[in-house]
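Peer 1: Build me a structure from this.
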Amino acid sequence: MWRGWLQNDQSLEMSWGKFTGFALRVLIHSNDNDQGDRMLNVGLGFAQVYIPLGISRREYQVGEEPSWGFYMAQEFGVVLHWGQRRWQWDWPWTWHTLAYETMMPDGSWQALRYSFGESGRVLPYIEVHPYTYTLRSGEVQYRKATVSKRRHVLCWRMFKALGWPRWIKESIDIEFDGEVGERSGSWKGGCIGCDYDIRPDETMGAALRRMEAERKF
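Peer 2: Predicted structure coming up:
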C-alpha cells in the first residue's frame, strides 16, 4: 500500500497484491472534522486506487455517505450505488444458507432460533468438559467448556429453490465459564465463547481436545 498526503489533508492512496474486485465510483468518506472526503475509486482487480476530488462540506452520518458508480467483488457480487440508493446482485455460484441448526438431545436437528429454552422449548444437547489454556508466561488457565453441536446447510444461490447441491458444515459451539487467552482480565477481555469445525469422525469432546491443542487466543 502507498499513500501520499495533500495540503488539504486528503490523500492519494494505492493498494495492490490481493484480488479485491473491480470498481468505478465516486464516494464520500466522513472524517472527524464534520466534513467528508470526496474521492474517485478505481478498482482494477488486484489494485485499488483512491483519487481525492476535494472536500464535501455537508455532514453525513458514518455509514450513510452517498456514492455514485459500481463495484464488483467475490463476496458482494455486483453493487450499484446512486446517491444513497443501492442495488445488489449476488453471484449465482455463491453459497446460500438453507438452514442453521443445532443438535437436540434426541439427535435430531432444529433451526437455531427454536433451541433457547423459552416457552418450554427443549434446550440443545450439551456436554461440559474441562479445558486448559497455557499463557505465554507459563500460567495455566483452568476452565469449564459447555459444548453443543451445530450445522450450517448451504447450497449454490442459483439452485436455492431446489436446495441442491447442498453442503453441510458441522461445528461445535463453545462457551467458557471464564475468560481465556492472553487478554484475560484486560479492558479488551479474553475469549468467553467461540466455535470450531468438527470432523465427520469426531465426537464433540474430541473436537474440543483438538481445539485445545491447536488454537491460540
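
Peer 1: and the one residue sitting closest to the centre of the chain, what pLDDT?
Peer 2: Nearest residue to the geometric centre of the chain (CA atoms, centre = their mean): Glu75, 11.1 Å. The model reports Glu75 with a pLDDT of 81.

Peer 1: Just after the helix or strand Met14 falls within, pick out the following helix or strand.
Peer 2: Element membership of Met14 [criterion: DSSP states H and E] is strand 11-30. Next helix or strand after strand 11-30 toward the C-terminus (DSSP H and E): strand 36-56.

Peer 1: relative orientation of that next one and strand 11-30 in degrees?
Peer 2: Comparing the axes of strand 36-56 and strand 11-30 via axes from the mean of the first three to the mean of the last three CA atoms, to 10 degrees yields an angle of 100 degrees.

Peer 1: With only the CA atoms kept, save the helix or strand that strand 36-56 is followed by in PDB.
Peer 2: Once the chain leaves strand 36-56, the next helix or strand it forms, by DSSP H and E, is strand 67-73. Taking C-alpha atoms only, strand 67-73 is exported to PDB below (Å, rounded to 0.1, in the frame of the first residue of the first chain):
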ATOM      1  CA  SER A  67     -21.700   7.200  -3.600                       C
ATOM      2  CA  TRP A  68     -22.200   7.000  -7.400                       C
ATOM      3  CA  GLY A  69     -21.000   4.100  -9.500                       C
ATOM      4  CA  PHE A  70     -20.500   0.400  -9.100                       C
ATOM      5  CA  TYR A  71     -18.100  -2.200  -7.700                       C
ATOM      6  CA  MET A  72     -17.800  -6.000  -8.200                       C
ATOM      7  CA  ALA A  73     -16.300  -8.300  -5.600                       C
END
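
Peer 1: which strands and helices sit next to strand 67-73?
Peer 2: Packing contacts for strand 67-73, counted by 3 or more CB pairs under 8 Å, 6 or more residues apart in numbering; DSSP states H and E, involve strand 11-30, strand 36-56, strand 77-83. Where C-beta positions appear, they are placed from N, C-alpha and C, glycine not excepted.

Peer 1: Which strands border that strand, and is each parallel or antiparallel?
Peer 2: strand 11-30 (antiparallel), strand 77-83 (antiparallel) (DSSP bridges).

Peer 1: among those, which is nearest Tyr71?
Peer 2: Nearest of the strands paired with strand 67-73 to Tyr71, taken as CB to CB: strand 11-30 at 3.6 Å.

Peer 1: Run the chain-centre distance for that closest one.
Peer 2: Strand 11-30 sits 21 Å away from the centroid of its parent chain (CA atoms, centre = their mean, to the nearest Å).

Peer 1: May I have that strand as PDB, with CA atoms only?
Peer 2: C-alpha atoms of strand 11-30 as PDB (Å, rounded to 0.1, in the frame of the first residue of the first chain):
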ATOM      1  CA  SER A  11      -4.600  11.600   0.400                       C
ATOM      2  CA  LEU A  12      -3.900   9.700  -2.800                       C
ATOM      3  CA  GLU A  13      -4.000   6.000  -1.900                       C
ATOM      4  CA  MET A  14      -3.000   2.900  -3.900                       C
ATOM      5  CA  SER A  15      -3.000  -0.700  -2.800                       C
ATOM      6  CA  TRP A  16      -2.200  -3.900  -4.600                       C
ATOM      7  CA  GLY A  17      -1.300  -7.600  -4.300                       C
ATOM      8  CA  LYS A  18      -4.700  -9.100  -3.400                       C
ATOM      9  CA  PHE A  19      -7.700  -9.500  -5.600                       C
ATOM     10  CA  THR A  20     -10.300  -7.100  -4.300                       C
ATOM     11  CA  GLY A  21     -12.600  -6.800  -7.400                       C
ATOM     12  CA  PHE A  22     -13.400  -4.000  -9.900                       C
ATOM     13  CA  ALA A  23     -14.900  -0.600  -9.200                       C
ATOM     14  CA  LEU A  24     -15.600   2.800 -10.800                       C
ATOM     15  CA  ARG A  25     -17.300   5.100  -8.300                       C
ATOM     16  CA  VAL A  26     -17.300   8.500  -6.700                       C
ATOM     17  CA  LEU A  27     -17.800   8.300  -3.000                       C
ATOM     18  CA  ILE A  28     -17.700  10.400   0.100                       C
ATOM     19  CA  HIS A  29     -16.000   9.300   3.300                       C
ATOM     20  CA  SER A  30     -16.800  11.000   6.600                       C
END
